[in-house]
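> Below: sequence and its predicted model.
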Amino acid sequence: MSEPTPDLTPDLTVSFFTTGDGVRLAYRELGEGRPLVLLHGAMGDGTLWIRHGQAEALVGRGFRVLLPDFRGHGSSAKPRDAAAYPADILTDDTLAFLDHLGLHQPQDYDLGGYSLGARIVVRMLVRGATPGRAVVAGQGMRQVLGISGGAGTMLQRIVDATEPLDPDSQEGRFAAWMRANGDDPAVLMLALDSLVATPAEELVRVQVPTLVAMGTEDERAVSVDELVAALPRAMKATMPGDHGRAASAPEFVAAMVDFLDAER
């Protein structure tokens, strides 16, 4: 896991919608054209896609880029009650976001996600979402199957700490960064605990063309080929970097833009 970086994103108007259980969730949008919903990773928000250049590149290709913040993240509501995070709630929320946008018809939008966001994209696909194309980046088969690791491991260490964290430790730096961003490690852990595993036999039903992208130095790369093989219409792209640095690699932006623009 890479170290946190400062938020250097420009200000964008934040809009809100309310889910069926009354939770207020935030999103940003930019550009005009074909709708493209992009989902961020854990301990972040939708501005991930602005900081790393994908949103600007995609707007330039004629996409209307929509960037929701997950429940418990960013500018969305952050309830502290575990009952607000039932199983698969982040998928439920994002499907509700599609409804809010009026994206009901098959193939009338595209969908992408990085890290946690990629795992939610997979859940949406197996639950019947029908984007024209999908991008699943920074996740391998192990993560889709629910095998622990990554951000959840870091968050659990922070939440479970019984002594003050060393400010120079990785955990201490992440905790300070989260506090500065208004995030609560315990709330983020509740969101991650709501994740649902997706067995391989459910993936074989997905007929959406999918780009599976992975950093060459990402520890998750060990099972990326398994995920590509499990998705009937998947293709693979690689970019340099570990889990954090790969997200901003120019090669990732180029692969994503070319894939989504291929049949327009």
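Received it, and whenever you're ready, just let me know what you need.

> which stretches of the stretch 151-264 of the chain have low pLDDT?
151-154, 156, 159, 161-162, 177, 263-264 (pLDDT under 70).

> Mind doing that once more with 80?
Counting by pLDDT under 80, the stretch 151-264 of the chain shows low-confidence ranges at 151-165, 170-172, 174-183, 263-264.

> quick one, strands of it?
210-215, 234-239 (DSSP state E, counting those that start in this stretch).

> The first one to strand 234-239, inter-axis angle?
To tie it back to what came earlier, the one meant is strand 210-215. 20 degrees (axes from the mean of the first three to the mean of the last three CA atoms, to 10 degrees).

> can I get the CA coordinates of strand 210-215 in CSV?
Provided in CSV are the C-alpha atoms of strand 210-215 (Å, rounded to 0.1, in the frame of the first residue of the first chain):
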residue,chain,number,x,y,z
THR,A,210,-14.5,-5.8,-19.4
LEU,A,211,-11.0,-4.3,-19.2
VAL,A,212,-9.1,-5.8,-16.2
ALA,A,213,-6.2,-3.5,-15.5
MET,A,214,-3.3,-4.1,-13.0
GLY,A,215,0.0,-2.6,-11.9
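
> T91 reaches M124, doesn't it?
Yes: assessed by CB atoms under 8 Å, T91 is found in contact with M124 at 5.8 Å. Placement of C-beta: from N, CA and C, glycine included.

> Show me which of the two is the more surrounded one.
For T91 versus M124, neighbours defined as other CB atoms under 10 Å are more numerous around M124 (26 against 22).

> which of the strands of the stretch 151-264 of the chain is buried the deepest?
Looking across the strands of the stretch 151-264 of the chain with neighbours counted as mean count of other CB atoms under 10 Å, the highest average goes to strand 210-215: a mean of 26.

> Which strands border that one, and is each parallel or antiparallel?
Here strand 210-215 has these sheet partners by DSSP bridges: strand 134-137 (parallel), strand 234-239 (parallel).

> Please identify the buried residues of the shortest one?
Yep, that's strand 134-137 we're talking about. A134, V135, V136, A137 (16 or more other CB atoms under 10 Å).

> Report the distance from it to the chain centre.
9 Å (CA atoms, centre = their mean, to the nearest Å).

> Show me what the helix or strand following it is in contact with.
Next helix or strand after strand 134-137 toward the C-terminus (DSSP states H and E): helix 141-144. With CB atoms under 8 Å, 6 or more residues apart in numbering as the test, helix 141-144 has contacts from 119, 122, 149-150, 197-198, 200, 203, 220, 222-224, 226-227, 230.

> Pick out whichever of those residues sits closest to R61.
V122 (24.3 Å; CB to CB).

> Using the three-state scheme, assign that closest one.
Under DSSP: H, G, I helix; E, B strand; the rest coil, V122 falls in the helix class.

> Tell me where this structure has helices.
For the chain, the helices defined by DSSP state H cover 48-51, 54-60, 89-101, 116-126, 141-144, 151-160, 170-180, 185-193, 200-203, 224-230, 243-246, 250-261.

> Give me the helices and strands touching the first one, please.
This points to helix 48-51. strand 63-68 (3 or more CB pairs under 8 Å, 6 or more residues apart in numbering; DSSP states H and E).

> Sheet-wise, list the partners of the strand it packs on with their directions.
Per DSSP bridges, strand 63-68 is paired in its sheet with strand 24-30 (antiparallel), strand 34-39 (parallel).

> any idea which of the ones you listed is most buried?
strand 34-39 (a mean of 25).

> Show me what that one is in contact with.
With CB under 8 Å, 6+ apart, strand 34-39 has contacts from 46, 49, 54-55, 58, 62-68, 70, 94, 97-98, 101, 103, 108-114, 116-118, 120-121, 131, 260, 264.

> Show the buried residues in those residues.
46, 49, 54-55, 58, 63-68, 70, 94, 97-98, 101, 103, 109-114, 116-118, 120-121, 131, 260.

> follow-up on the earlier one: would you reformat the helices of the chain as CSV and include distance to T19?
Putting these into CSV (distance: least, CB to CB, whole Å) gives the following:
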stretch, distance to T19
helix 48-51, 21
helix 54-60, 24
helix 89-101, 5
helix 116-126, 14
helix 141-144, 24
helix 151-160, 23
helix 170-180, 23
helix 185-193, 14
helix 200-203, 24
helix 224-230, 29
helix 243-246, 29
helix 250-261, 27
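
> Perfect, I'm done here.
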